Every structure is written in C-alpha cells, then in structure tokens.
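Engineer: Just the structure for this:
(2 chains)
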Protein chains: 2
Amino acid sequence: MAGIEKFWDDDPTSLLRVHDGFVLDEARAADTPGFSGKKKDAEKALAEGADVLSDLQDMFFAASTLGARGSILLVLQAMDTAGKGGITKHVMGAVAPGGIAYHAFKAPTAEERAHDFLWRINRELPPAGQIGVFDRSHYEDVLIGSVRQLAPPAEIDERFVAINNFERRLTETGTTVIKVMLHISSDEQKERLSARLDRPDKHWKYNPTDVDERMRWAEYQKAYQRVFDLTSTANAPWYVVPGNHKWYARLAVQHLLIDALRDIDPAYPTADYDVELEKKRLAAT
Amino acid sequence: MAGIEKFWDDDPTSLLRVHDGFVLDEARAADTPGFSGKKKDAEKALAEGADVLSDLQDMFFAASTLGARGSILLVLQAMDTAGKGGITKHVMGAVAPGGIAYHAFKAPTAEERAHDFLWRINRELPPAGQIGVFDRSHYEDVLIGSVRQLAPPAEIDERFVAINNFERRLTETGTTVIKVMLHISSDEQKERLSARLDRPDKHWKYNPTDVDERMRWAEYQKAYQRVFDLTSTANAPWYVVPGNHKWYARLAVQHLLIDALRDIDPAYPTADYDVELEKKRLAAT
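Structural biologist: Coordinates of the predicted model:
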C-alpha cells in the first residue's frame, strides 16, 4: 500500500465509525483497531502523516481563497484526561495556525447562558478552507446536561432534535463534520488523575470536580451511548477512538482528518489573472 | 553557553532591536546577525527551540488558568513574500493551538471600515496566557494608508498618536508587545514572486496588485522608516529581522518569543485544593 496507508492493516475510519447497534460498554479502550505496530511505529506514521495532512490543508485553504466552499469541523468529546489536548497539539500542530479554528468550550458564561445552547457553537464554526477543532462542544449540553440534570428531560430531548437539525444544515452547506469520542477506561483515568496529583507541574490540570464527575462514570457512559444512538448520522458520524494508548488515538484522529480531506479532494485553484502578462510586468520592475 | 544560547554568537534580541538612529536603508536583508551557522545548524537550533518555546508556553498558559495576567502579542509586518506565513507555521506550530490566538488582517470589511481602525485590532487581542499572532496589523493603516493615500496626512499623524497610546495601555495591562518587520531585499522579492508565477500550485499566492505594490518599494521603505521612528518605544519595540534567509528569520523570531517568555518567567501555579485529600478521594473511587 502506498503512502501512509502502509502503516495500517485496515482502514481505521471504517473500523472506528459508530455503526448501528454499537455498544460503548463493549468497546475496548486499550485496543488499536487496524494498527498492529508499536508506539515507535505509530510515531513514525504520525510524522509522515503530518506532512500529508499539512499539504492537503494547504490545498484546501488555497482553494477557499478563490471561492471554494467547504470546511471541516472536528468535535472532540471525552471524559477528563482522555487526551483531547494532546490530540490538538500533536495532530493539529502540523497544520499552519491560519488553517485551524480552535476553540475550547468551558462552562457557559452568563452571556452564553442568556442564549440558546447552540448560539456560542455557531459563533465558532470554521470558515471555508479551515479545520475547526472543538475541544468539547454542544454535546456537553446533552451529556453533563443530562447527568447533572442541568435541564429537564424534555428539554434534553429537544436538544437532540436541535443538534441533528443543526448538523444536517452544517453538512448540507459544505462542512464535513467529524465527531470523535476519545474512549479511555476507568482504570486508565484513575492512573492519569493520580499522575496529575503526583506532579506539581500538573496540579493545574486537576480539579476536585474531576473526581466528582468520575464517580458518575457509569452515568456518563450511558449518556454517551444515547448520544451515539441519537446523533450518529450518515452525514455527521461519531467515531469512538480508543484512547488508552495516546499514540494510537493521535494517529487515528490524524487519519480521520486526512480521509476527510481526501474525500473533499481539494485542488490548487487556477489563476484568475494572466500569468504570462504578470511575468512580463514583474520582469519590468 | 547552555540551552539554545549555544547556537548564537550574540543575542539576536538586542541585535535586531530598532535603536535610536536606525536606518532601514542600511539594514542588510541577507545578513544573519548573531548567528554564524548554516541552514542546517539553524534547523537544528529551531527544533531544539521548539521544545523550549512549547514548554514555556505551557507554563504561561497554566499560570493563567489560576488567574495570572499577561499575554504576548507578536505583530508581523512585511512586504509581500517575506515569509510571514512560514514564521507562523514553523515557529508557532510548536505551540499547542490552544495557546495561540492567530489572526490575519486583510483589507478591512465594510463593518470594519464603519469603525475606527483600532476597533478590529482590539477584538483580536490575545487573552491571558496566550500568544497572539497578528499577520499584518494596525500598522497597515499607516503603511498602505500613507503610501496609497487612503487617509489624509493629518489623519495618518493622528493614527500614530493613537497607536502609541494603544500600545502603551496594552503593555501597562500586561501584554508583551513584539513587533517584527521581516526585511527582504527587492531582488529577493522579485525572485520569490517569479517563483510563484512559475509554479501553478503557488499561483493562488500571487495577486497582480503584488507588482503594483512592488513598484512603490521605495515609498514603502520610507513608510516603514517612519513607523520605526515614531513607534519603536521602550515597551513596544520593533525588531527588523533579515528575511532573505527564511531559516534565519524563523530562528530569530522564535528567539524573540522565548526571550519574552523568559522575561515573564511563568511558573506552574500552586494547587488551590488539598492535594493529599484529593489523593484519598481518588483512591476511594
């Protein structure tokens, strides 16, 4: 197999996609679907993929400057410590900052709470030619929203409808939506939280509420299952990416993005000026 | 010398800084002040510096999460083809996207024109803990603004006053302002524009107005000189970075950022919770 495909036994995009009947409880967070190499192999593959991703993104951006529509939206959701930040740094770091619209959604501000939950999401959508990265997203409003009963069940139901309508319109208007849940095991999270508490330079990443949320692990898994059941659509599918091995998760998400760009198949735009004339004008200076 | 300083004969931050009596006409775009190595050495130095920059930025960001103030603003100005994009990609690519607030300022939109020229600048200022990167900036309003006479001379004069007041307030409130002019020679620009016209995959980067602007080279150099004379202040200095060698410019700008972060001297914040208690709570889950 040519290019980066040579690192894979099987296509992760299709292996990781949430299909009908998917059961989160049965997904194994330490697996590396489609990849039989070790950490070192994955790092080599990630470095090669970085160039591929960067080149495709350059073309994608170039096409947009002459009016091509289309953007990509990568939604990252996960339990704490799953590695959202690492994905952003190690996968997206390969792309020119001008090609990325990154946004981390925190607990809503007073202004945001004064609007519908999709209001702040809309404001951060990537423009044409860019890859938007949402570190958390509108899915918080149906995840923590239901687990913590921040809204009544009927409102949560309405939000699911609103999300599907919103994402359908997004994809209709040229945004490729890639929704990723980074899936770690409860044991792995315990180890990672413990590591944060052991290292003073990691204390800032820890918050006592992390343990509060951890105590509701089973409820969150159930809430994610409902998210997959209700919102993994043909146009805006979910991918459950095993995250116990960070190197695997990074490589897999990089592959999802490369696949999306290849599907878009961007091309450098044709000059909208007379190239020969410009050569003459330039030579005369 | 320890760390990345070992790559330098002399401190580029002080060598490149615009001092009283600086004359742009005498600056040599092919020089590599403070650095006697070759391209390969510079690439090695850049890779080592990437880790240093990334670690410092991580600390800077961490400190902001517990309330530390302070941000960095990197202003990039240059004639076309000087390499602003390459700086952004190759220097800032080392930093987690969440630590960067990148913005490219284009010709103002109708909405932007309906406001004062600093309005759109204010909206893109980096929050605490982030490095803002302005690919072009408010300086366009006194550069192309004066060369193309987009505003009367008296208004240009007022803008200079406004810029100095604006930047003084910025630095007073904790933003480190680093203003970089990437300096290439006229011959170098001609070659680079010519290369863009020769390569179909680079045609999108070329615009016929590039030659129009090129014809006003001397006027732009004069406008830059005036910018340096009027706005290179103690708190918000300009650095003229020779850009004929892209590898030098990238390394030098990286060094400016590392220096700025070292001056800020960020520290990981102390936990605002009881670490031992949290260890017990976590263990009990």
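
Engineer: In the helix or strand harbouring A:Phe166, which residues are buried?
Structural biologist: Using DSSP states H and E, A:Phe166 sits within helix A:153-172. Across helix A:153-172, burial judged by 16 or more other CB atoms under 10 Å in any protein chain shown covers A:Ile156, A:Arg159, A:Phe160, A:Ala162, A:Ile163, A:Phe166, A:Glu167, A:Leu170, A:Thr171. The way it works is simple: take the backbone N, C-alpha and C, and place the C-beta from them, glycine included.

Engineer: and chain B, which of those residues reach it?
Structural biologist: On the criterion CB under 8 Å from any CB of the partner chain, none of the entries of the buried residues of helix A:153-172 sits beside chain B.

Engineer: For those, give me TSV that also has pLDDT.
Structural biologist: Output for the buried residues of helix A:153-172, formatted as TSV (pLDDT from 0 to 100):
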residue	pLDDT
A:Ile156	98
A:Arg159	98
A:Phe160	98
A:Ala162	98
A:Ile163	98
A:Phe166	98
A:Glu167	98
A:Leu170	97
A:Thr171	97
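
Engineer: Considering those residues, which is situated nearest to chain B?
Structural biologist: Nearest to chain B out of the buried residues of helix A:153-172 is A:Leu170 (CB to the nearest CB; 21.1 Å).

Engineer: Make sure that closest one is actually in contact with A:Val177.
Structural biologist: Yes: under the criterion of CB atoms under 8 Å, A:Leu170 makes contact with A:Val177 at 5.8 Å.

Engineer: Point out the residues in the stretch 51-200 of chain A that sit beside chain B.
Structural biologist: Proximity of the stretch 51-200 of chain A to chain B, by CB under 8 Å from any CB, involves residues A:59, A:62-63, A:65-66, A:85, A:88-89, A:92-98, A:100, A:102, A:104, A:133, A:135, A:190, A:193-194, A:197, A:200.

Engineer: Beyond the helix ranked longest in chain A, next helix or strand please.
Structural biologist: Longest helix in chain A, counting residues (DSSP state H): helix A:39-65. For helix A:39-65, the succeeding helix or strand toward the C-terminus, using DSSP H and E, is strand A:71-78.

Engineer: Specify the angle between that following strand and helix A:39-65 in degrees.
Structural biologist: Relative orientation of strand A:71-78 and helix A:39-65, computed by axes from the mean of the first three to the mean of the last three CA atoms, to 10 degrees: 140 degrees.

Engineer: List the pairing partners of strand A:71-78 within its sheet, with orientation.
Structural biologist: Strand A:71-78 pairs in its sheet with strand A:131-135 (parallel), strand A:175-183 (parallel), by DSSP bridges.

Engineer: which outside residues touch the next helix or strand after the first one?
Structural biologist: Meaning strand A:131-135. Downstream of strand A:131-135, the next assigned helix or strand under DSSP H and E is helix A:140-147. The contact list for helix A:140-147 (CB atoms under 8 Å, 6 or more residues apart in numbering or on different chains) reads A:77, A:105, A:117, A:150-151, A:153, A:156, A:159-160, A:163, A:213, A:216, A:219-220, A:223-224, A:226-227.
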